[in-house]
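*Asks:* based on what follows, work out the 3D shape:
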Amino acid sequence: MIFNLTGATKIMLLGAYDLACDMRSRFLYLVTDKAPMRMQTYSFEENRPVLQAERRVEETISLHDYLCMYIGECT
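*Replies:* Just a heads-up that it's a prediction; the model follows:
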């Protein structure tokens, strides 16, 4: 299972993050604070998040980018 932590409230984000950590699942986060947006994929090592990949996302999100966020596979 892959968790998408983008767009959640703080409480929802913390709960999902904690569950992802407990399950040792990967999670995604879309960084939107400045252009270009970046989709970051993390995994857990020794209960700490480790950035596995970062992918630039153009301002207009393609169908591929949209599905990456929800399916959890980014290549």
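*Asks:* show residues contacting stretch 60-68.
*Replies:* Applying Cβ atoms under 8 Å, 6 or more residues apart in numbering, the set of residues contacting stretch 60-68 from outside is 28, 39, 55, 57-58, 74. Any C-beta I mention is one placed from the backbone N, CA and C, and that applies to glycine too.
*Asks:* who's in contact with the residue sitting nearest the centre point of the chain?
*Replies:* Using Cα atoms, centre = their mean, the residue of the chain that lies closest to the mean C-alpha position is L28, 0.9 Å off. Residues near L28 by Cβ under 8 Å, 6+ apart: 2-6, 39-42, 68-69, 72, 74.
*Asks:* show the buried residues in these.
*Replies:* Neighbour counting by 16 or more other Cβ atoms under 10 Å classes 2-5, 39-42, 68-69, 72, 74 among the contacts of L28 as buried.
*Asks:* looking at those, which is nearest Y17?
*Replies:* For the buried ones among the contacts of L28, the residue nearest Y17 by Cβ to Cβ is L5; the value is 6.3 Å.
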